[in-house]
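In: Okay, here's the prediction I keep looking at, along with the sequence it came from:
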Amino acid sequence: MPSEAPFLQEEILKLKYQRRAIILAHNYQRDEVQEIADFVGDSLELSRTASTIDCEVIVFAGVRFMAESASILCPDKKVLLTEVEAGCPMADMIRVDSPRDKITGFPGFKIPPQYIYPRETTLRDIKGKYPGVPVVAYVNTTADVKAESDVCCTSANVVKVIESLPDEQVICIPDRNLSMWAQHNTKKKVIAWDGYCHVHERAKTEDVERARREHPKALFMAHPECRLDVLEMADNVTSTSGMLRFAKASSEKEFVVGTELGLLYRLKKENPDKVFYPLRKDMICPEMKKTTIESLVRALKETTYLVKVDNEIRVPARKALDRMLAIR
Ligand code: 13P
Ligand code: SF4
């Protein structure tokens, strides 16, 4: 941590008190950002916290879609995204009605092609093709995409959300890996979108084989944004906070962690008697790492960067988020 950090931390505490602000941070944030945050969690926990918290300002240490969700859920609060350019590339892979430029797919990707919607089509194209089929939108989507969807989901509840719907088929956007994981766990038909997280997509079966050779006693935990062939090799597939719970509850002492490296901070801190190995050392999300202690100070001092979702989008997007939050 930089040497001016204690001073900046004091300043953050003072500003937080003056502004009646709360800092929410995702589990992938830098160690020092997690340390100063009031609440650190996975996407579902952060949405739930944002919807119930008592404060005037929410400072979101995460990426844009998370701050947008907080603004959708708390229109009367000032929601600040600590770094204006912190976005999620996967959330940007799907658009409501203007097609993206053609992006070449990943060779070797094994999902049956009839189930994948190419990214150069739009959400409205796919809705037109399957009229009446509900759209389940991963929270990693923009507010306007949520507004066009029936219900949201996170990595923690995707199967529960799909099962809660009366329909026998669902459109699941934008993560093909999460969708295929859901397909693996439900009898319903899941129509997937061809989006992916470049951080999790990196993990391959060879990485799991190597980790198993190097750490034969370790349990392997994987995030459902990983490829299905990797997930099939895991001892536990779950969200970031699900991994924290799994590691804490387990009587085993060693774990291989198949997600973004930021989670290792909490895993180690909360389980000092256990050992955690990253599946790959390069599973780092540059967007999540944009926020620093300095960004937090600036956000609180200058009210940057205000995220506000217009009512026209906010109201239908809120319906989709509320529908998810009502599922326990
Ligand atoms: P969760 O923490 O909800 O598992 O999400 C992972 C993620 O990629 C957030 O961008
Ligand atoms: Fe998006 Fe992946 Fe980064 Fe999460 S880890 S914000 S899904 S790019």
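Out: Looks like it arrived, so ask away. Nothing here was measured: the structure is a model prediction, and the numbers come from that model. Numbering: from 1, shown residues only. Ligands and ions are numbered 1, 2, ... in the order given.

In: C-terminal to the strand or helix carrying A25, what's the next element?
Out: Secondary structure assigned from DSSP states H and E places A25 in strand 21-26. With elements assigned by DSSP H and E, the helix or strand that comes after strand 21-26 is helix 31-36.

In: what comes up buried for that next one?
Out: E32, V33, Q34, E35, I36 (16 or more other C-beta atoms under 10 Å). All C-beta atoms are positioned from the backbone trio N, CA, C, and that covers glycine.

In: Which one of those residues is nearest to ligand 1?
Out: Nearest to ligand 1 out of the buried residues of helix 31-36 is Q34 (C-beta to the nearest ligand atom; 12.6 Å).

In: from memory that closest one sits against L264, does it?
Out: No. Under the criterion of C-beta atoms under 8 Å, Q34 is not in contact with L264, lying 10.9 Å apart.

In: about what we covered before: strand partners of the strand holding A25, parallel vs antiparallel please.
Out: strand 39-41 (parallel), strand 57-61 (parallel) (DSSP bridges).

In: Indicate whether the longest one makes contact with ligand 1.
Out: So the one you mean is strand 57-61. No. Judged by C-beta under 6 Å from any ligand atom, strand 57-61 stays clear of ligand 1, getting no closer than 12.2 Å.

In: Show me where this structure has its strands.
Out: Remark: strands assigned in the chain by DSSP state E are 21-26, 39-41, 57-61, 78-81, 116-117, 135-138, 151-153, 169-173, 189-193, 219-222, 236-237, 254-258, 275-278.

In: who wins for proximity to I293 among those?
Out: strand 57-61 (9.9 Å; C-beta to C-beta).

In: before we move on, back to that, nearest approach to S47 belongs to which of the strands paired with strand 21-26?
Out: strand 39-41 (9.2 Å).

In: so how far is that closest one off the chain centroid?
Out: Mean-position distance between strand 39-41 and its chain equals 13 Å (C-alpha atoms, centre = their mean, to the nearest Å).

In: Could you do stretch 29-43 as well?
Out: The chain centre lies 14 Å from the centre of stretch 29-43; the measure is C-alpha atoms, centre = their mean.

In: Now do that stretch: everything it contacts.
Out: Residues from elsewhere that reach stretch 29-43, judged by C-beta atoms under 8 Å, 6 or more residues apart in numbering: 1, 5, 9, 12-13, 16, 22-27, 45-46, 49, 53, 61-62, 66, 139-140, 154-156, 239-242, 262, 265-266, 288-289, 291-293, 296.

In: Would you confirm that N236 contacts M243?
Out: Yes. With contact defined as C-beta under 8 Å, N236 and M243 form a contacting pair (7.3 Å).

In: quick one: which of those two has more around it?
Out: M243 (25 against 16; other C-beta atoms under 10 Å).

In: State the distance from the more buried one to D150.
Out: 28 Å (C-beta to C-beta, to the nearest Å).

In: sorry, back to before: make JSON lines from the buried residues of helix 31-36 and add pLDDT and distance to S98 to it.
Out: Formatted as JSON lines, the buried residues of helix 31-36 follow (pLDDT from 0 to 100; distance: C-beta to C-beta, whole Å):
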{"residue": "E32", "pLDDT": "97", "distance to S98": "39"}
{"residue": "V33", "pLDDT": "98", "distance to S98": "34"}
{"residue": "Q34", "pLDDT": "98", "distance to S98": "36"}
{"residue": "E35", "pLDDT": "97", "distance to S98": "41"}
{"residue": "I36", "pLDDT": "97", "distance to S98": "39"}
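
In: Can you lay out those residues as CSV showing distance to E270?
Out: Converted to CSV, those look like this (distance: C-beta to C-beta, whole Å):
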residue, distance to E270
E32, 17
V33, 17
Q34, 11
E35, 13
I36, 17
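
In: Now flag whichever of these is closest to S251.
Out: Distances from S251 to the buried residues of helix 31-36, taken as C-beta to C-beta, are shortest for Q34 (26.3 Å).

In: The closest one - nearest residue in space that isn't next to it in sequence?
Out: Nearest non-adjacent residue to Q34, counting by C-beta to C-beta, 6 or more residues apart in numbering: V40, 4.9 Å away.

In: beta partners of that neighbour?
Out: In beta-bridge terms (that is, DSSP bridges), V40 pairs with A25.

In: swap in G195?
Out: D175.

In: Thought D175 was touching it, still the case?
Out: Yes. Applying C-beta under 8 Å as the test, G195 and D175 come out as touching, 5.4 Å apart.

In: Perfect, I'm done here.
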